[in-house]
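> sequence first, then the predicted structure, then my questions.
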There are 4 protein chains.
Amino acid sequence: MSTKRLQIAAAGLGRMGKRHALNFLSRTPRAELVAAFSPDPVELQWGKQHLEPYGVTLYDDYDKMISQDGLEAVVIGTATSVHADEAIKAMGKNLHVLCEKPLSTDIEVCKQVVEAARKRPHLKVMCGFSRRFDESYRDAHQKYEQGLIGRPSIFRSQTCDKHDPSGFFVEYAAWSGGVFVDMSVHDIDLTLWFFGDEIIPKSISAHGITAVQPDLKRYNDYDNAVGIVEFHNGKIAYYYCSRMMAHGQEDVTEIIGTEGKLSVNSNPQTNLVNLYHSGGITREVPKDYYGRFEMAFVRESNEFTAACLDDTPLPLKLSNAVKAVQLGAWLQEALVTGRQIHFDEIGRRVERSHL
Amino acid sequence: MSTKRLQIAAAGLGRMGKRHALNFLSRTPRAELVAAFSPDPVELQWGKQHLEPYGVTLYDDYDKMISQDGLEAVVIGTATSVHADEAIKAMGKNLHVLCEKPLSTDIEVCKQVVEAARKRPHLKVMCGFSRRFDESYRDAHQKYEQGLIGRPSIFRSQTCDKHDPSGFFVEYAAWSGGVFVDMSVHDIDLTLWFFGDEIIPKSISAHGITAVQPDLKRYNDYDNAVGIVEFHNGKIAYYYCSRMMAHGQEDVTEIIGTEGKLSVNSNPQTNLVNLYHSGGITREVPKDYYGRFEMAFVRESNEFTAACLDDTPLPLKLSNAVKAVQLGAWLQEALVTGRQIHFDEIGRRVERSHL
Amino acid sequence: MSTKRLQIAAAGLGRMGKRHALNFLSRTPRAELVAAFSPDPVELQWGKQHLEPYGVTLYDDYDKMISQDGLEAVVIGTATSVHADEAIKAMGKNLHVLCEKPLSTDIEVCKQVVEAARKRPHLKVMCGFSRRFDESYRDAHQKYEQGLIGRPSIFRSQTCDKHDPSGFFVEYAAWSGGVFVDMSVHDIDLTLWFFGDEIIPKSISAHGITAVQPDLKRYNDYDNAVGIVEFHNGKIAYYYCSRMMAHGQEDVTEIIGTEGKLSVNSNPQTNLVNLYHSGGITREVPKDYYGRFEMAFVRESNEFTAACLDDTPLPLKLSNAVKAVQLGAWLQEALVTGRQIHFDEIGRRVERSHL
Amino acid sequence: MSTKRLQIAAAGLGRMGKRHALNFLSRTPRAELVAAFSPDPVELQWGKQHLEPYGVTLYDDYDKMISQDGLEAVVIGTATSVHADEAIKAMGKNLHVLCEKPLSTDIEVCKQVVEAARKRPHLKVMCGFSRRFDESYRDAHQKYEQGLIGRPSIFRSQTCDKHDPSGFFVEYAAWSGGVFVDMSVHDIDLTLWFFGDEIIPKSISAHGITAVQPDLKRYNDYDNAVGIVEFHNGKIAYYYCSRMMAHGQEDVTEIIGTEGKLSVNSNPQTNLVNLYHSGGITREVPKDYYGRFEMAFVRESNEFTAACLDDTPLPLKLSNAVKAVQLGAWLQEALVTGRQIHFDEIGRRVERSHL
């Protein structure tokens, strides 16, 4: 194992960008965060306090940052709209790329990133689906591969956020791609992991409501949605996404096979504490996604770094990221149009009116 | 409270019929099982051993049984195909009726039973949806009525049976009405309880597979199915039914509101025992529906009896039984045809092709 | 199986007496409650309302009741102080006896009951240790007998009541025999069940506090106590009893063996409902002993009845009831004196001062 | 916040020593592991592979290591027998010290370390009781400080290891100080945290068995032991320690107050996965102490580092480490002698023979 440390830069110092920067700064032993970029003065000010003192050079120009001497990799945690462009530019500078999900909410743009990566096979380009790095999902997948549940047939997965009454997510909906692209894409990615990335959808249905934020309708979006994807190989995945949870983050997955079932997080909990009181027994729940998956992000940084330094395979294919967004977009379409979508056995979309 | 005991007869001594008979015989203090009927000599033989010694008169002719002097009520646990006919005949004899679900798998036939009951308002006629009598569902409903979860918006419910490799349920599918009518009807009934029986569906989707019993396709049925019902008042119910569970019966319900969530049975368990062993910590799960709901059936017998004797309202409306079967039948149609079904705001079915 | 019903009378219509009476009246199909006794006019008034209308003859004189023609058995749920006397009198009338625990808080008196029963081997005489009839404890014991935990070595058991701020239990302490006799006697009985009733104590220690009810000290009693019994065969049982729980009844047992562990009720719960709210996830806990063990009492009534009618063995030996009280009394002595108690290998008490 | 990194050396590269070294090497951003010592060639060989490449200087002489220029702190993870000596020597070199527990199994030696530290108040000297750094215990303590359980009265805590059939712990018993000193010292330390370090014992009892490793008797030790410490302020702590668990590590703590209870780890689990199979539902349990507390050790490294660099108070007092060992030693004495130990109200030991 080389003792050289991966020279990496962080693009974006917003909510997730900060976390990536800090994880590479101090929780990824084999990496060295050498640069960070943000177009936002407030975020740069944060960088001056928390990154600069440790030798991280700050930039307000992405292009300049990726031209820094000796740079080997970049972690992209900026707004979704610039993910693809920044990823492609970084590859142009011969840099490995870890890009926060999604590559884009536009499938064609996603495909451009994949294409760019295909041309530079020596580069490690990964779209960060954090659940793949969570130790519970890893354990479940390992048990699945041991055959403990027989042939997997039904996949149930939900991404449910604690309700944020600020209404932040209404404006966010304008460019998020919709709940199935923004939230369920994690569940869809897991589906590809457990069902195999070669699966071909047969039909898709979805329904949604706006229970707490009616203004979402302006953007054709919903705060609660349920969708079903039936696959040609006799499997079904169904998803629930919600921004309405009173209790906290609740991301649950069940993989149901012919001989057993695996569940992840069917008993949400922040930690191992229970409070027994006159009203019963209470345990708390993580407040947000990062409360549930913090260590998965740390593991993601470390495994990406190892793959770059040791030239070993990444744990997930970039093309899956496109497929996950595509399925999310179809679910969103089924949701918005109120129509079932159908596909033939090689995955071409078909109309059912003539059937 | 009267000390008179309700004179009741049991029709059918098959799997569920036996249970009803025994519950009225010895676990319903205010009732007295005085007669029982079965067309099946084997079942009658069982009755000779287990009922006759306690003063229960046995019949191989339903009409004769319901003509027995002094009879006040009948519990119907025969095959579904004769439920409606027997119920209507019993009402003709001025008997209260507790009928195992469903009244019929045919909506029109269901409606005839309701119509017959409407004409005899002094009779108590109930279709037994056992979960309404389960103490956990009762507690959840009470908490819901206290407003603990705000406005209920999403209803998730599943009925999942332990896999029976004998293939029994293949032949059963010929006349069961399909999985959504046979299994999910319980979940749909609960939906009516929590969302209100006046709710009007807006659109319905469903998808299914045959993972363990491909022969089901002969009867247009499935061993695993997922369906979504969206209602006009901004609520969604989604269902999963399966006959494939390796571990046992797993019937789970979640009612998700704007300010909280209630779950019933998110941690399935037979009892309060855990075994700690070298492979971890294991608890067992009820093997079947009766293992989970036995005490609910006992309570059902007792509450039905009390309503008959004291002339108090039944805990559920007969018309709900029709509505539940209707929704189940639509889900089944959506499942079999691979098409979404749509309804206008007063519940009339509409085609979407012109939209 | 005989269809004759056991003619039984209930002595005592206080809190537990009422429950026994009602269980024999209407939840024990093979028994017929024919008489009931209470010295208390208020309790008798309750009997007039709830028992007399069903053909139960009421008595304010115990001796008269047990002389009623045709009576076969009596269930004793009066004050502990008269248990033994009433049991012995009933045996004198050739009646089977189900006596609420304990037979007495005085070991010598307990022994007299056992002696009386020994002389009438045709009578079924049982002291009701309800946990032996609980389905979870039954399941745990069955798993233990299958060898699933290897050789049992450590037994941890607690009886913890919801705090009753009325101070009722202070006066009650005057004659209860102390917490180890009154509360832990259930845990000790379970110890005898799992470790075998032949076990011989080697040494006993106990410590207690009065955290919520200092007045208990007047009666040399405590509201929280912990005790250890070490046995000569290399096993240990340890107990916690408390009257201070804020959350409800919490009776937990663990049987720890060389190859595994069985736990009963390590996750206390009233039912299968969980409420998810802004403070986390909450489940409720039974409020009292009967909330946890109601069905065990029903099963106790039924099994006692069956043993009487069919002349089959009772599920627990009367002598165990004496042994359990004896161990409780020694724990209480260790608690009050602040001294460890020692026994030689045949169970004779020894002083350690000379060791 | 200074960006300077604490220059620290690791003494001992055995099982725990390696973990400390690696935690300071790569999971403690503000520290820099600059040196490591082991007297053992095999351990040094491990250091050559895993530490030297990252700039860590290796030593086979402790004295030389602590004389290295620029060194500021040392983490001691050697054999218990040299902890105290190494700690005192390090203080002599003006180094901060993080010492694995216990300082010594000999109380007098412990006190020497405390005395040495008292003379150098500018140095941070901490004995690592890892549970104090576990997020669940932290959360429980915070809830306790918010008054959520009223006045704490009963403390139950257990340290239970997965059975290691190799018999390793038999030889280990020769110098471990016995199970209460070696294992329960963590539970005792927690007691001091929750009950306050000023508490004075009133009486102590303990009982033990050798269920799986009879050879332990050679060293006056046990593989299962239960002990009770009653304190003068009306509180009780009771402990169970075992090396016999079939299922894995199970360290449980309950703090029971007048108005509620806090539990930590009453549902042991490795992660959030459940496997549903034909035998029920199974979850796994951490295999060992580090599987349960790994992140607590990382937090310990980080908090110790922060205290050294920022000259802020350590989260636990060194004197507590002595008190915890003292209580453990008394429990062990009560265990071995089969006698209760008594103390007067100012903590002086008294004989009870004259009481």
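Nice, thanks for sending it over. Numbering: from 1, shown residues only, chains lettered A, B, ... in the order given.
> so which residues on the stretch 201-350 of chain A come close to chain D?
Listed as neighbours of chain D in the stretch 201-350 of chain A under the rule Cβ under 8 Å from any Cβ of the partner chain: A:259-267, A:270-278, A:284. Where you see a C-beta, it was placed from the backbone N, CA and C, and this is true even at glycine.
> which of these are buried?
Among those, the ones that count as buried by 16 or more other Cβ atoms under 10 Å in any protein chain shown are A:259-267, A:270-277, A:284.
> can you flag which of these belong to strands?
A:260-264, A:273-277 (DSSP state E).
> would you map out the domains in chain A?
Per automatic domain parsing, the domain ranges recorded for chain A read A:6-128, A:132-292+A:324-350.
> where in the stretch 101-250 of chain A is pLDDT low?
The stretch 101-250 of chain A contains no residues with pLDDT under 70.
> kindly report the residues of it close to chain B.
A:149-151, A:153-154, A:156, A:163, A:203, A:205-212, A:224, A:226, A:228, A:230, A:234-236, A:238, A:240, A:242, A:244-247.
> write the PyMOL selection for whichever of those residues are buried.
Of those, the buried ones can be selected in PyMOL as follows, counting by 16+ other Cβ under 10 Å:
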select buried, chain A and resi 149+150+153+154+156+163+203+205+206+207+208+209+210+211+212+224+226+228+230+235+236+238+240+242+244+245+246+247
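> narrow the residues of the stretch 101-250 of chain A next to chain B to those in strands?
If you go by DSSP E, these have A:153-154, A:156, A:203, A:205-209, A:224, A:226, A:228, A:230, A:235-236, A:238, A:240, A:242, A:244-245 in strands.
> out of those, which touch chain C?
Answer for those near chain C (Cβ under 8 Å from any Cβ): residue A:245.
> ok, residue A:29 - how many residues close by?
Per other Cβ atoms under 10 Å in any protein chain shown, the neighbour tally for residue A:29 reads 15.
> over to residue A:346?
Neighbourhood size, residue A:346 [other Cβ under 10 Å]: 7.
> quick one: contacts for whichever residue of the stretch 1-150 of chain A sits closest to chain C?
Using Cβ to the nearest Cβ, the single residue of the stretch 1-150 of chain A nearest to chain C is residue A:136, 17.7 Å away. Counting by Cβ atoms under 8 Å, 6 or more residues apart in numbering or on different chains, residue A:136 touches A:264-265, D:271-273.
> from residue D:23, how far off is it?
For residue A:136, the distance to residue D:23 equals 23 Å [Cβ to Cβ, to the nearest Å].
> so what's residue A:111 up against?
By Cβ under 8 Å, 6+ apart, residue A:111 lies in contact with residue A:322.
> would you list the phi and psi of it?
Taking degrees, to the nearest 10, you get phi -60, psi -30 for the backbone angles of residue A:111.
> return the residues of chain A in contact with chain C.
Residues of chain A lying near chain C (Cβ under 8 Å from any Cβ): A:245-248, A:250, A:268-270, A:276-285.
> quick one: contacts for the residue in chain A positioned nearest to chain B?
Proximity of chain A to chain B (Cβ to the nearest Cβ) peaks at residue A:205, 3.4 Å away. Residues near residue A:205 by Cβ under 8 Å, 6+ apart: A:227-228, A:334, A:340-341, B:205-207, B:228, B:340.
> try 10 Å
Listed by Cβ atoms under 10 Å, 6 or more residues apart in numbering or on different chains, the contact partners of residue A:205 are A:226-230, A:238, A:331, A:334-335, A:338-341, B:203-207, B:226-228, B:334, B:338-340.
> double-check that the residue of the stretch 1-150 of chain A closest to chain C belongs to a helix.
Yes: assessed with DSSP: H, G, I helix; E, B strand; the rest coil, residue A:136 lies in a helix.
> give me the nearest residue to the most centrally placed residue in chain A, chain neighbours excluded.
Residue closest to the average C-alpha location in chain A (Cα atoms, centre = their mean): residue A:129, at 3.7 Å. Closest residue to residue A:129 apart from its sequence neighbours, by Cβ to Cβ, 6 or more residues apart in numbering or on different chains: residue A:189 at 4.3 Å.
> and the gap between that neighbour and residue A:102?
To residue A:102, residue A:189 is 10 Å away according to Cβ to Cβ.
> any common contacting residues for those two?
A:127, A:129, A:321, A:324-325, A:328.
> filter those down to the buried ones, PyMOL style.
To isolate the buried subset of these in PyMOL, counting by 16+ other Cβ under 10 Å, use the following:
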select buried, chain A and resi 127+129+321+324+325+328
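> from the shared contacts of residue A:189 and residue A:102, which land in helices?
Among the shared contacts of residue A:189 and residue A:102, the residues falling in helices (DSSP state H) are A:321, A:324-325, A:328.
> output the contacting helices and strands for the helix or strand harbouring residue A:292.
Assigned by DSSP states H and E, residue A:292 falls within helix A:289-310. Packing contacts for helix A:289-310, counted by 3 or more Cβ pairs under 10 Å, 6 or more residues apart in numbering or on different chains; DSSP states H and E, involve strand A:6-11, helix A:15-26, strand A:31-37, strand A:73-76, strand A:96-100, strand A:125-128, helix A:135-145, strand A:152-162.
> beta partners of residue A:276?
With DSSP bridges as the criterion, residue A:276 is bridged to residue A:281, residue D:261.
> which element is residue A:256 on?
Counting by DSSP H and E, residue A:256 is part of strand A:252-257.
> what residues are up against residue A:44?
Contact analysis of residue A:44 by Cβ under 10 Å, 6+ apart lists A:13, A:36-38, A:51-52, A:58-60.
> now swap in residue A:43 and tell me
Contacts of residue A:43 were listed using Cβ under 10 Å, 6+ apart, and they are A:12-15, A:17-18, A:21, A:36-37, A:58, A:60, A:78.
> can I get these in TSV including pLDDT and neighbour count?
As requested, the contacts of residue A:43 are exported to TSV (pLDDT from 0 to 100; neighbours: other Cβ atoms under 10 Å in any protein chain shown):
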residue	pLDDT	neighbour count
A:12	97	26
A:13	98	28
A:14	95	16
A:15	93	11
A:17	97	25
A:18	97	20
A:21	98	29
A:36	98	32
A:37	98	29
A:58	98	18
A:60	98	14
A:78	95	24
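> ok, those residues vs residue B:117, which is closest?
Distance to residue B:117, by Cβ to Cβ, is smallest for residue A:15 among the contacts of residue A:43, at 59.6 Å.
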